[in-house]
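S.K.: Build me a model from this:
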Amino acid sequence: MAAKVDLSPTDRILLHLGEIGARRCSITDESIAAETDPDMRQVLLGLLVLHEDLSYSSQLRYEAEAALRLVADERERLLEDRRLAISARDQFLAVAAHELRTPLTALSLLVDHLLMGISPEAATEITPSPLRGPQLPRLKRQIDRLTGLVSEMLDVSRITGGGLDLVVGPVDLGMLVREIVDRFEPELQRRQITLELTAAEVVRGHWDGARIDQVVTNLMSNAIKYGEGKPIQITVRAEGARAMVVVRDHGVGIPADEQNKIFGPFARAVAARHHAGLGLGLWIAHKIVQASNGRIKLDSAPGEGAAFTVELPL
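M.R.: Numbering: from 1, shown residues only. From the prediction side, this is the model:
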């Protein structure tokens, strides 16, 4: 049998500290009570309290780490649910838009054909036929509006899915804006809105012409919608290495606290009850300009109208 080795008080304390560091402890209430040295008894009691405190802290840390793991797992589950919901939404938008596009296109072509057969005299008859009176142009405008909404739905699907591809080619920006203004001429006349276009210089660059057309068309639509029938100014110019298109109206304007979110999805400058739409136009325009390595800025104040400036690299 090995002889019992008597340890010095210092060695005993070091031994107990080593045990505590290894997360175990041989000190008991009985061993403290049996200790004959009162100073050592106090040291052993302190070491036992230290071990219990460290054990409690370790337990709290373990429980906290377990709670954090549960929170992280729940967060990951919620993010996955969100990803699945967004994917389902985008798939629905894409399918719905494609399904709606076909009948709308056919209906638009039919209305265009009927409009071509209307003479000025027939359109002003006292008792015109439903297909010959002013209702047909109104139907055409509603079809165009629905077609625009369907296009916005498709763009949302493409943008959120990372599929907004640009077909870049040479574009004469002034000519492009003139073509857009020509398209809006009937609407401007109907609303009796004066439009001033300043595009004296030739501004050419390489962009996706169809997408830039979409951006300027959206800004013109907004100017007409929120301009309260007041004049609209459009300017096309080049400044250094950038091309600029500025669309300015003199309507309701946009409050300062709304300007930082006007380019977000489903944002509106005014209440939805006043103007119909999905609130996606400026968001889509912003994404197109971003993808073109440009930027779009807003300068507005309530009651003083709004000026949207599109900057594109030359």
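
S.K.: next helix or strand past the helix or strand bottoming out on mean pLDDT in the chain?
M.R.: Least confident helix or strand, the chain: helix 120-123 with a mean of 50, by mean pLDDT, DSSP states H and E. Downstream of helix 120-123, the first helix or strand assigned by DSSP states H and E is helix 135-160.

S.K.: Quick check: buried residues in that next one?
M.R.: By neighbour count with 16 or more other Cβ atoms under 10 Å, helix 135-160 contains the buried residues 136, 139-140, 143, 146-150, 152-160. To be clear about C-beta, it is placed using only N, CA and C from the backbone, and glycine gets the same treatment.

S.K.: tell me how far the helix or strand hosting residue 93 is from the chain's mean position?
M.R.: Residue 93 belongs to helix 38-116 when assigned by DSSP H and E. Here helix 38-116 is found 19 Å from its chain centre; the criterion is Cα atoms, centre = their mean, to the nearest Å.

S.K.: again, but for stretch 290-299
M.R.: With Cα atoms, centre = their mean as the basis, stretch 290-299 stands 14 Å off its chain's centre.

S.K.: contacts for it?
M.R.: Taking Cβ atoms under 8 Å, 6 or more residues apart in numbering as the criterion, the residues outside stretch 290-299 that touch it are 164, 166, 207-208, 211-212, 215, 242, 254, 259, 262-263, 285-286, 289, 306-313.

S.K.: pull the CA atoms of it into PDB?
M.R.: Listed in PDB are the C-alpha atoms of stretch 290-299, where the atom choice follows Å, rounded to 0.1, in the frame of the first residue of the first chain:
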ATOM      1  CA  GLN A 290     -28.900  51.300 -61.600                       C
ATOM      2  CA  ALA A 291     -28.400  48.400 -64.000                       C
ATOM      3  CA  SER A 292     -27.300  51.000 -66.600                       C
ATOM      4  CA  ASN A 293     -24.600  52.300 -64.200                       C
ATOM      5  CA  GLY A 294     -26.500  55.500 -63.800                       C
ATOM      6  CA  ARG A 295     -28.600  57.200 -61.100                       C
ATOM      7  CA  ILE A 296     -31.900  58.900 -60.800                       C
ATOM      8  CA  LYS A 297     -32.500  61.900 -58.500                       C
ATOM      9  CA  LEU A 298     -35.500  63.800 -57.200                       C
ATOM     10  CA  ASP A 299     -35.800  67.500 -56.400                       C
END
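
S.K.: What average pLDDT does that stretch get?
M.R.: Confidence over stretch 290-299, taken as the mean pLDDT, stands at 92.

S.K.: repeat for stretch 168-187
M.R.: For stretch 168-187, the mean per-residue pLDDT is 92.

S.K.: where's residue 11, which helix or strand?
M.R.: Secondary structure assignment for residue 11, by DSSP H and E: helix 9-21.

S.K.: Now do that helix: which elements does it pack against?
M.R.: Secondary-structure packing of helix 9-21 (3 or more Cβ pairs under 8 Å, 6 or more residues apart in numbering; DSSP states H and E): helix 38-116.

S.K.: tilt between the helix it packs on and helix 9-21?
M.R.: Relative orientation of helix 38-116 versus helix 9-21 (axes from the mean of the first three to the mean of the last three Cα atoms, to 10 degrees): 20 degrees.

S.K.: and residue 187, what does it touch?
M.R.: With contacts defined as Cβ under 8 Å, 6+ apart, residue 187 is in contact with residue 224.

S.K.: change the start of the numbering to 45 and stick with it
M.R.: With 45 as the first residue, the last one maps to residue 231.

S.K.: could I get the helix or strand harbouring it in CSV with only the CA atoms?
M.R.: Assessed by DSSP H and E, residue 231 sits inside helix 217-235. Provided in CSV are the C-alpha atoms of helix 217-235 (Å, rounded to 0.1, in the frame of the first residue of the first chain):
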residue,chain,number,x,y,z
LEU,A,217,-31.3,60.0,-76.4
GLY,A,218,-32.9,63.1,-77.9
MET,A,219,-34.7,61.2,-80.6
LEU,A,220,-35.8,58.6,-78.1
VAL,A,221,-37.4,61.2,-75.9
ARG,A,222,-39.1,62.9,-78.9
GLU,A,223,-40.7,59.6,-79.8
ILE,A,224,-42.0,59.2,-76.3
VAL,A,225,-43.4,62.7,-76.3
ASP,A,226,-45.1,62.0,-79.6
ARG,A,227,-46.8,58.9,-78.1
PHE,A,228,-48.1,61.0,-75.2
GLU,A,229,-49.4,63.8,-77.5
PRO,A,230,-53.1,62.5,-77.6
GLU,A,231,-53.1,62.2,-73.8
LEU,A,232,-51.6,65.7,-73.4
GLN,A,233,-54.2,67.1,-75.7
ARG,A,234,-57.0,65.3,-74.0
ARG,A,235,-55.9,66.8,-70.6
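
S.K.: For that helix, buried residues please.
M.R.: Of all the residues in helix 217-235, those buried under the rule 16+ other Cβ under 10 Å are 217, 218, 220, 221, 224, 225, 228.
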